[in-house]
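Peer 1: sequence? don't have it. structure:
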């Protein structure tokens, strides 16, 4: 539904507007938070039988202790990482077990509480 490379969103043959590529959005957040060139970790494939791998991209030395991260799930579907599939894999794709998205989001906000 949200094309990684950006472009038009189509749902059941209905046009829903256009979005930027993920890379452009990530770069914009790096700019807004005054981050240095990002780092890219090597792909992680701890769970070999889930058919996915994970690459983490992160801004460095961001202003005022801010943090910018991008998690790239290769082979994953339109699913929540480590969540339960809500429809069959044929329809929504694979669920990645390489990242627990709920835990990661919780940890991120715990590191950056609202002032």
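Peer 2: Now that the structure is in, tell me what you want to look at. Source: prediction; values computed, not measured.
Peer 1: pull out the buried positions in stretch 80-94.
Peer 2: 81-82, 93-94 (16 or more other Cβ atoms under 10 Å). To be clear about C-beta, it is placed using only N, CA and C from the backbone, and glycine gets the same treatment.
Peer 1: could I get the phi/psi values of residue 10?
Peer 2: Taking degrees, to the nearest 10, you get phi -130, psi 130 for the backbone angles of residue 10.
Peer 1: looking at this protein, which strand is longest?
Peer 2: Longest strand of the chain, by residue count under DSSP state E: strand 53-60.
Peer 1: from the buried residues of stretch 80-94, which land in strands?
Peer 2: Among those, no member lies in strands (by DSSP E).
Peer 1: closest to residue 19 out of those residues?
Peer 2: The nearest member of these to residue 19, counting by Cβ to Cβ, is residue 93 at 18.4 Å.
Peer 1: just checking, that closest one touches residue 80?
Peer 2: No: using Cβ atoms under 8 Å as the test, residue 93 is too far from residue 80 to be in contact (11.5 Å).
Peer 1: re earlier: return the closest of the buried residues of stretch 80-94 with respect to residue 15.
Peer 2: residue 93 (21.8 Å).
Peer 1: tell me, how many residues neighbour residue 9?
Peer 2: 14 (other Cβ atoms under 10 Å).
Peer 1: quick one: the helices in the chain, in order.
Peer 2: 22-32, 89-92, 101-111 (DSSP state H).
Peer 1: and those, which one is worst for confidence?
Peer 2: Mean pLDDT is lowest for helix 89-92 among these, at a mean of 92.
Peer 1: can you list the residues that contact that helix?
Peer 2: 77-79, 85-86, 95 (Cβ atoms under 8 Å, 6 or more residues apart in numbering).
Peer 1: go again using 6 Å as the cut-off
Peer 2: 77-79 (Cβ atoms under 6 Å, 6 or more residues apart in numbering).
Peer 1: mind checking which of the residues you listed are buried?
Peer 2: 77, 79.
Peer 1: can you list the contacts of helix 89-92 in a markdown table and add pLDDT?
Peer 2: Listed next are the contacts of helix 89-92 as a markdown table, based on pLDDT from 0 to 100:
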| residue | pLDDT |
| --- | --- |
| 77 | 91 |
| 78 | 89 |
| 79 | 93 |
